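Student: fold the following, please.
(one chain, ligands or ions: 2)
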Amino acid sequence: MNIIELQDIRKVYKRGEEELHILKSISLNVSEGDFVAIIGPSGSGKSTLMNTIGLLDVPTSGSYKLDGVATEQLSDNALAELRNQKIGFIFQQFNLLPRLTAMENVELPMIYSGIPKKERRERAQAMLTMLGMGQRGHHKPSELSGGQQQRVAIARALAISPSLILADEPTGALDSRTGEEVLELILQLNQQGNTIVLITHDHHIADNAKRVVALRDGSIIDDYRNDGAARPQQQEVSV
Ligand SMILES: Nc1ncnc2c1ncn2[C@@H]1O[C@H](COP(=O)(O)OP(=O)(O)OP(=O)(O)O)[C@@H](O)[C@H]1O
Ligand SMILES: [Mg+2]
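Tutor: Ligands and ions are numbered 1, 2, ... in the order given. The predicted structure is shown next:
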């Protein structure tokens, strides 16, 4: 079963007379339980592709099925509901709400998905503890370091047990030891059946993914599995 089915996705921005083709006919299927790393140079369209997969941005054309649901005709509300149900986001910029405590930030997606308060609190505390933030639940984001804010954001993404986890440079703002812990956590989540799609510039993370998809100039130029299967002959990809 494919959790992601992208067919001929294009994203075009107009700047005056000029058309900027940011995604050029992207077709990509991701099966349930996979762990896909998206690599490619800066400006190649990685975040644009991830925002499309995450229903945060609509493509100019093409079709996208998320977990069997065709998304083209859905209203903004229906898209938001689908997103809240199915997707946990981890951004490079943590996107925490500044007025809420760490605990309340982690609880927020669980409020949207209707989890009762007591269970919400317990799960939020468990997630924060797992990420080494168990003592900091009452802190506001501004009272936390960048690395700590990132861990709260990761706890928030994981708290709803999403069927798809999308991460844009999840370890980019973390020191290498914390980054390694987060990678271990992501690998563990994948072993538990969660589908992971992440953007990375880090070869070590890409090497740990099951599948690597390389973008350049808005096109997929390489797509291979890390499971020891023979890799098709391709040009060298810079990340
Ligand atoms: N709203 C917009 N209007 C015009 N161009 C845009 C817009 N958003 C993104 N772009 C352009 O689309 C291209 C791809 O951007 P994107 O953020 O997807 O790249 P990326 O691969 O994630 O890069 P990075 O590794 O630096 O994060 C860039 O050239 C960017 O300038
Ligand atoms: Mg990006």
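Student: contacts and neighbour counts: CA atoms only from here.
Tutor: Noted.
Student: check contacts around P141.
Tutor: 96-98, 100-102, 149 (C-alpha atoms under 8 Å, 6 or more residues apart in numbering).
Student: now with 6 Å, please.
Tutor: P98 (C-alpha atoms under 6 Å, 6 or more residues apart in numbering).
Student: how near is it to D67?
Tutor: The gap separating P141 from D67 is 33 Å, by C-alpha to C-alpha, to the nearest Å.
Student: please apply the same query to R83.
Tutor: Taking C-alpha to C-alpha, one finds R83 at 11 Å from D67.
Student: can you check D168 too?
Tutor: 20 Å.
Student: please apply the same query to I4.
Tutor: 6 Å.
Student: what does I160 give?
Tutor: 16 Å.
Student: of the two, who's got more company?
Tutor: With neighbours defined as other C-alpha atoms under 10 Å, I160 and D67 compare such that I160 has more, 25 against 17.
Student: tell me, what's the model's pLDDT at that one?
Tutor: On pLDDT, I160 comes in at 84.
Student: cool, and D202?
Tutor: Predicted confidence (pLDDT) for D202: 90.
Student: same thing with the one 5 residues further on?
Tutor: Per-residue confidence for D207 comes out at a pLDDT of 95.
Student: list the contacts of it.
Tutor: D207 sits in contact with no residue, where contact means C-alpha under 6 Å, 6+ apart.
Student: the helix or strand hosting it: which residues count as buried?
Tutor: Assigned by DSSP states H and E, D207 belongs to helix 203-208. By neighbour count on 16 or more other C-alpha atoms under 10 Å, the buried set for helix 203-208 is 205-206, 208.
Student: cool, stretch 21-30 as well?
Tutor: 21-28, 30.
Student: and what of stretch 134-148?
Tutor: 134, 136-137, 140-141, 147-148.
Student: next one: stretch 55-63
Tutor: Quick answer for stretch 55-63 (16+ other C-alpha under 10 Å): 55, 58-59, 61-63.
Student: out of the buried residues of stretch 134-148, the closest to ligand 1 would be?
Tutor: Closest approach to ligand 1 among these (C-alpha to the nearest ligand atom): G147, at 18.9 Å.
Student: and for L166, the neighbour number?
Tutor: L166 has 23 nearby residues by other C-alpha under 10 Å.
Student: tell me the contacts of it?
Tutor: Here L166 is in contact with 89, 197-198 (C-alpha under 6 Å, 6+ apart).
Student: let me have the residues you listed in CSV, extended by distance to A126 and pLDDT.
Tutor: Shown next, in CSV, are the contacts of L166 (distance: C-alpha to C-alpha, whole Å; pLDDT from 0 to 100):
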residue, distance to A126, pLDDT
F89, 18, 91
V197, 24, 97
L198, 24, 96
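Student: out of those, who's the most crowded?
Tutor: L198 (26 neighbours).
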